[in-house]
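Peer 1: Quick check, what structure comes out for this input:
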Amino acid sequence: MKSTTRFTKNKKGIICLNCNQPISDNDNFCSNCGQVNDELPLSIKQFISEFFSGFFSFDTRFFKTFIPLLFKPGKVSKEYIEGKRRKYVNPFQLYLHVTIVFFLIQGLFSALDEYKISGSFSKNDTQTATDSIIKEETKNLRQLEKDLAAKDIIVNLPVITNNDSINNTVIDSILNDIKPEISVGGKNIKDLKVLRIYEKVNDFMEFDKENKAIPILQALDSLGHKKTRWNIFYYKKAQDFNKFSVDSDFRNSFIDNIISKISIALFFMLPIFTLFLSLLYIRGKKNYTEHLVLVFNVQTVFFIFLIFFTLFDRIFKTDIGIGIFFVVFLLYLYKSLRNFYKQSRTKTVIKYFLLNIVFIILSTVGGVIISFLAFVL
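Peer 2: Presented below is the predicted three-dimensional model:
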């Protein structure tokens, strides 16, 4: 019986189509560039297969990397720096692919959650709800006018309708004025600027709590502030602060926005973390790049575990998966350090805790920066 292999149906040539290297018609690969010796026209099956092979590296190297990476902490990194590189997938490539899958899954879950919230309302329901809110807020505005009048304060608050709009020309003219009016005694002082901004945002928050239906430009008029670009920005952020405290959907959206930026933060954080790791093991013979291999492999497993336990929580509708995730990953990290560096348990435990402290500090700093950017942008 004739054996069948992946090369059985190939139409083999004597010249490599990629690099023009002369080859034998019995060769399955080019000895110069490694391309498969096949002169058949490209098929849909082959095209799709090569796409997924190139993107996910779904060949023998993938499984030889994936299984020991999960169940034998430190082994893949150790053998990779020892020279067994054809056996395993490139650590950075695998890390990149796993993070892409993780954020795709997170994006899918966010979209599904948003659909569950917003998809249950029809257009008529939304319009009815909007009219109800406008009616209630108009009532509140009229009551506010009466309260102010009782204190000899006359304010003509606007009538709010669901057709309120602002001419684009007016917006353009407002956005051209970008200088904030922050000065004390004719002098611009940095600390006083911050104080004035804080007081302004606080005033905007208090006003927005009582007058949510009033458009921003009318709110600025009522408060006696100029319609500058910065004032509009501060008022929007004040509204966001109020939403964050009372609106769970807004908080979830904010958290999703932060998660979407984690990959950018890690891109800058991991090399810094590796620097601390290399300093802890400075007496060893490993260079910075070899430490970086371990860091990328461990971080890859971090996202693999996170994907698994996130799916676990979603499927079984529970929150215990994340707790189990932290326990499992911390154990994995310890075993990785122990197997990769081959130091005593005492030294490994001490460096393990030091590394976790460094990671927490870097994560906290990165988290603050990401949260600020996610809120401001």
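
Peer 1: need the strands for the stretch 251-377 of the chain, in chain order.
Peer 2: Counting by DSSP state E, counting those that start in this stretch, the stretch 251-377 of the chain forms no strands at all.

Peer 1: Quick check: which ranges of it have low pLDDT?
Peer 2: 252, 255-264, 374-377 (pLDDT under 70).

Peer 1: The longest helix that the chain contains packs against which elements?
Peer 2: Across the chain, the longest stretch assigned as helix under DSSP state H is helix 345-376. Applying 3 or more C-beta pairs under 8 Å, 6 or more residues apart in numbering; DSSP states H and E, one finds that helix 345-376 contacts helix 229-246, helix 248-260, helix 262-280, helix 320-341. (Glycine included, C-beta is placed from N, CA and C.)

Peer 1: out of these, nearest to Q299?
Peer 2: helix 262-280 (6.3 Å; C-beta to C-beta).

Peer 1: List the buried residues for that closest one?
Peer 2: 262, 265-266, 269-270, 273-274, 276-278, 280 (16 or more other C-beta atoms under 10 Å).

Peer 1: ok so, going back, figure out which of the helices and strands packed on helix 345-376 is closest to L311.
Peer 2: Comparing the helices and strands packed on helix 345-376 under C-beta to C-beta, the one sitting nearest is helix 320-341, at 8.2 Å.

Peer 1: Which residues does that closest one contact?
Peer 2: Outside helix 320-341, the residues that touch it by C-beta atoms under 8 Å, 6 or more residues apart in numbering are 72-75, 77-78, 281, 284, 286, 294, 297-298, 301-302, 305-306, 308-310, 312-313, 343, 345, 348-349, 351-352, 355-356.

Peer 1: Quick one, which of the residues you listed are buried?
Peer 2: Buried among the contacts of helix 320-341 by 16+ other C-beta under 10 Å: 73-75, 77-78, 281, 286, 294, 297-298, 301-302, 305-306, 309-310, 313, 348, 351-352, 355.

Peer 1: I'd like to know how many residues surround the residue nearest to L275 when sequence neighbours are not counted.
Peer 2: Nearest residue to L275, sequence neighbours excluded (C-beta to C-beta, 6 or more residues apart in numbering): Y288, at 7.4 Å. Y288: 11 surrounding residues under other C-beta atoms under 10 Å.

Peer 1: what's the answer for H291, then?
Peer 2: 24.

Peer 1: Kind regards, and thank you for your time.
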